[in-house]
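> Kindly return the folded structure for what I paste below:
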Amino acid sequence: MWGRQPRQLINMETNDRVNIIIQSLDTRSAESVTHALNAVKVLHDLTINERLSLTKALSELFFHVHHTGSSNMPRLAVSTEKLIGKFGSEMMPFLFHEILSSDAETAVDFGKCIARNGVVGLEFVLSKLDEYRDRDHDLIKMIQVLSLFKIPEAANAVPAILAVAQRNNHQVTSMSLHAVGRLVQKLRSTAFSEELRSTMFDTAFRYLSNAQGLVRRNAAHALGKMLRKGLLSKENEQKLYKTFLAIAGRDEHHNWDRSFIVRHEAEEFLPYFCQSSLHVRQYVQSYKILSKRLLCANTYHFSIDAPLIARKIEGGQFLIIRPHILSERIPLSVCGWDREQGSVNIVVSAVGKTTTQINAMEKGDFFEDVVGPLGERSILPTAIGTCVVIGGGYGTGAIIPTAKDMKALSNKVIGIVGARNQESLIMIPELSQACDEVIITTNDGSFGLKGFVTDALAQVLAREGVIYVLAVGPVPMMKAVSEMTRSLKISTYVSLNAIMVDGTGMCGACRVTVAGETKFACFHGPDFDGHLVDFENLTKRQKMFAKQEKIAFDTMNV
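Next up is the predicted model:
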């Protein structure tokens, strides 16, 4: 069992109800683990000994999840992490011991269980740093665990991580820089003080010239994430820009030697992407259509098998999908996901060739490829108050994840939906579950309020002290909403559906103008401050390929 001692089947301090589950559990079988998890979930008033026995038994799954070909194992690992996390802080000494005695991949799974204990778990791991300060191998795992926390307080761990980075061990330094980058990516920018941002930059910048390639790479990644998150001062942004020009050999001194070094290091990582690698199996996703249901004419809801995407995606992010090998790649908003089941949900309205191809597919079919999560998560309000989410057409699905996030932060959330008529309304029950109130508008008055979403917004603004608005849908609608809230100085964000190609900010096709500056919707967005967006420029760019799109649609063969 991957080097572990056999589990003791009977614990005399454990109730029979728990022993029965433990005795029948085979952590190498997805079916057995599923049965055990379901059995544990209905148990109540578990003692500490019972919880510890179950934790020891169920956590053996973590030693198998990375070494089997079963696509169900990663999903079951998430469910197990959640369950063990709910068992409380009493489990942390055992989990910590397992972290130190496990391989790197398995240690992450145990670490996620501790991370689910929030501040208590964070303080527990931090308290152990000094105790293990002379054991570099253990420090690496502990730093890795600290990078798994998603709570704002996790920023308090950064000074300790930066201190560990100073050790004379390039592997410890590399992991420390990697952890800083992970935390920057996960936490809101407000979690990092100005003083901490400066220290983070100085430390990471210093390691850009380190002799070890892995240290340089993780230093560059950390700095890039800080830049993307807006954590750098203008002075440090300029300093970083000049440095990368020099590394790429594009400065006035034409440092081609250093550019060669960068390319040479990149080549060393190519074998990791080889399909023959034994470790690639855990990253394979089928992109199978798990379910398909009609929402309204030419509009469908799809659930797709994509467990790795489901584990990471956040509200406001999107996917790029290619249905068939000869299809074009198109960006699609995500309307929900199930992390445990490993599925992501999209809404597709057939308006062109590729969306029509997608809607012609059926349950059981496979998408050629799905890339994500892409873009930044939606910006959430920093204060507590009344928030409004507005969806037009397909945008109704896209606002649901962010509505749930704001609701979880104790905001009052009001949803507004606009459609041409009653038959065009979609996902109203799902939105209603995420909001305190939903107002429906139809152009013809066949359902709800006759008029547009701006008519409903005007009513809400007249009776509520709204602090935040998110609008997703047609460009004219988002522009109208932004103009309505501008004079009231209400924080307003819109999701820009610019034309995209690669989805990573490399091609520049999705450039938009925000506050007079060029931004890439796929990389800096898709959400932007609606009061700063140049909607006229966006509208013109949306029409650039209208002729080619019509030709493609007219000549298509689904």
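
> Show the contacting residues for the closest residue to A509 other than its chain neighbours.
With CB to CB, 6 or more residues apart in numbering as the criterion, A509 has its nearest non-adjacent residue at 4.4 Å, and that residue is V501. Every C-beta, even on glycine, is put in place using the N, C-alpha and C of the backbone. The neighbourhood of V501, defined by CB atoms under 8 Å, 6 or more residues apart in numbering, consists of R329, C507, A509, C510.

> Buried ones among the residues you listed?
With neighbours counted by 16 or more other CB atoms under 10 Å, those contain buried members at R329, A509, C510.

> Can you convert those into CSV and add a column each for pLDDT?
As requested, the buried ones among the contacts of V501 are exported to CSV (pLDDT from 0 to 100):
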residue, pLDDT
R329, 89
A509, 82
C510, 85
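
> Which secondary structure state is assigned to Q285?
For Q285, the secondary-structure state derived from DSSP: H, G, I helix; E, B strand; the rest coil is coil.

> Can you name the element that comes right after the lowest-mean-pLDDT helix or strand in the chain?
With mean pLDDT, DSSP states H and E as the measure, the helix or strand of the chain carrying the lowest mean pLDDT is helix 256-268 (a mean of 45). Once the chain leaves helix 256-268, the next helix or strand it forms, by DSSP states H and E, is strand 289-296.

> Paired strands for that next one, with orientation please.
Each strand that strand 289-296 pairs with, and the sense of that pairing, follows from DSSP bridges: strand 299-305 (antiparallel).

> Tell me if I'm right that K41 and T80 touch.
No. Counting by CB atoms under 8 Å, T80 is not a contact partner of K41; they are 11.4 Å apart.

> These two: who's more crowded?
Neighbour count, other CB atoms under 10 Å: between K41 and T80, T80 has more, with 26 against 10.

> Do you know the pLDDT at that one?
pLDDT recorded at T80 is 92.

> tell me the contacts of it?
Counting by CB under 8 Å, 6+ apart, T80 has contacts V33, L37, L58, S59, L61, F62.

> Okay, and the third one sits in which element?
Using DSSP H and E, L58 falls within helix 48-58.

> Can you name every helix or strand that that helix contacts?
Applying 3 or more CB pairs under 8 Å, 6 or more residues apart in numbering; DSSP states H and E, one finds that helix 48-58 contacts helix 16-23, helix 30-41, helix 73-86, helix 92-101.

> let's go with 7 Å and repeat that
Using 3 or more CB pairs under 7 Å, 6 or more residues apart in numbering; DSSP states H and E as the contact criterion, the neighbours of helix 48-58 among helices and strands are helix 16-23, helix 73-86, helix 92-101.

> Tell me the buried residues in the helix or strand where R541 lies?
Remark: R541 resides in helix 535-542, with elements defined by DSSP H and E. Neighbour-count burial for helix 535-542, with 16+ other CB under 10 Å as criterion, is recorded at F535, L538, R541.

> so the last one sits right up against A498, yeah?
It stands for R541. Yes. Taking CB atoms under 7 Å as the definition, R541 is a contact partner of A498 at 6.5 Å.

> The nearest residue to A57 once chain neighbours are set aside and R377: what is the separation?
Of all residues beyond its chain neighbours, the one nearest A57 is I22 (4.6 Å), with distances taken as CB to CB, 6+ apart. Distance check for I22 against R377: by CB to CB, to the nearest Å, it reads 39 Å.

> what about the two, which has more around it?
Under the neighbour definition other CB under 10 Å, I22 and R377 were set side by side, and I22 has more, 20 against 17.

> Kindly export stretch 374-387 (C-alpha atoms) in PDB.
C-alpha atoms of stretch 374-387 as PDB (Å, rounded to 0.1, in the frame of the first residue of the first chain):
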ATOM      1  CA  LEU A 374      -9.000  31.800 -18.000                       C
ATOM      2  CA  GLY A 375      -9.200  35.400 -17.000                       C
ATOM      3  CA  GLU A 376      -9.500  37.000 -13.600                       C
ATOM      4  CA  ARG A 377     -12.300  36.200 -11.200                       C
ATOM      5  CA  SER A 378     -15.000  38.800 -10.800                       C
ATOM      6  CA  ILE A 379     -14.100  41.700  -8.500                       C
ATOM      7  CA  LEU A 380     -16.200  41.600  -5.400                       C
ATOM      8  CA  PRO A 381     -17.300  44.500  -3.300                       C
ATOM      9  CA  THR A 382     -15.000  45.500  -0.400                       C
ATOM     10  CA  ALA A 383     -17.900  46.600   1.900                       C
ATOM     11  CA  ILE A 384     -21.200  44.900   2.900                       C
ATOM     12  CA  GLY A 385     -24.400  46.200   1.400                       C
ATOM     13  CA  THR A 386     -26.900  45.800  -1.500                       C
ATOM     14  CA  CYS A 387     -25.400  44.400  -4.700                       C
END
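
> For it, which residues meet the burial criterion?
By neighbour count on 16+ other CB under 10 Å, the buried set for stretch 374-387 is L374, G375, E376, R377, S378, I379, L380, P381, T386, C387.

> Which of these fall in helices?
Among the buried residues of stretch 374-387, no member falls in helices (DSSP state H).

> What is the most widely separated pair among the residues you listed?
Greatest spatial distance among these (CB to CB): L374 and T386, at 30.1 Å.

> quick one: low-confidence ranges for the protein?
Segments of the chain classed as low confidence (criterion: pLDDT under 70) are 1-15, 66-71, 245-284, 543-546, 548-558.

> if you set the cut-off to 80 instead, what comes out?
Per-residue confidence of the chain (counting by pLDDT under 80) places the weak regions at 1-15, 64-73, 242-285, 394, 498-499, 504-505, 541-558.

> Nearest to the spatial middle of it, which residue is it?
I313 (2.8 Å; CA atoms, centre = their mean).

> is it true that that residue touches L374?
No. The pair I313 / L374 is not scored as a contact, 9.3 Å apart, by CB under 7 Å.

> can you put the contacts of V501 in CSV and add secondary structure?
Shown next, in CSV, are the contacts of V501 (three-state DSSP):
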residue, secondary structure
R329, coil
C507, coil
A509, coil
C510, coil
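
> between these, which is closest to I416?
Distance to I416, by CB to CB, is smallest for C510 among the contacts of V501, at 26.6 Å.

> Show the contacting residues for the closest one.
C510 makes contact with A498, I499, M500, F520, A521, C522 under the criterion CB atoms under 7 Å, 6 or more residues apart in numbering.

> Could you tell me how many residues sit around K489?
The tally of other residues near K489 (other CB under 10 Å) stands at 8.

> how about the buried ones among the contacts of V501 in a markdown table, adding distance to K404?
Formatted as a markdown table, the buried ones among the contacts of V501 follow (distance: CB to CB, whole Å):
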| residue | distance to K404 |
| --- | --- |
| R329 | 28 |
| A509 | 31 |
| C510 | 26 |
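
> Out of those, the closest to Q459 would be?
Comparing the buried ones among the contacts of V501 against Q459 with CB to CB picks out C510 as the nearest, at 34.3 Å.

> And the helices in the stretch 101-250 of the chain?
In order along the chain, the stretch 101-250 of the chain carries the following helices (DSSP state H, counting those that start in this stretch): 104-115, 119-129, 136-146, 158-165, 170-186, 194-206, 213-229, 234-247.

> Please save the CA atoms from the shortest one in CSV.
C-alpha atoms of helix 158-165 as CSV (Å, rounded to 0.1, in the frame of the first residue of the first chain):
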residue,chain,number,x,y,z
VAL,A,158,4.3,35.7,3.8
PRO,A,159,6.9,37.3,6.1
ALA,A,160,7.7,33.9,7.6
ILE,A,161,7.9,32.4,4.1
LEU,A,162,10.2,35.1,2.9
ALA,A,163,12.4,34.5,5.9
VAL,A,164,12.6,30.8,5.1
ALA,A,165,13.5,31.7,1.5
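
> now the angle from it to helix 136-146?
Counting by axes from the mean of the first three to the mean of the last three CA atoms, to 10 degrees, helix 158-165 points 160 degrees away from the direction of helix 136-146.

> What helices and strands are in contact with helix 158-165?
Under the contact criterion of 3+ CB pairs under 7 Å, 6+ apart, the helices and strands touching helix 158-165 comprise helix 119-129, helix 136-146, helix 170-186, helix 194-206.
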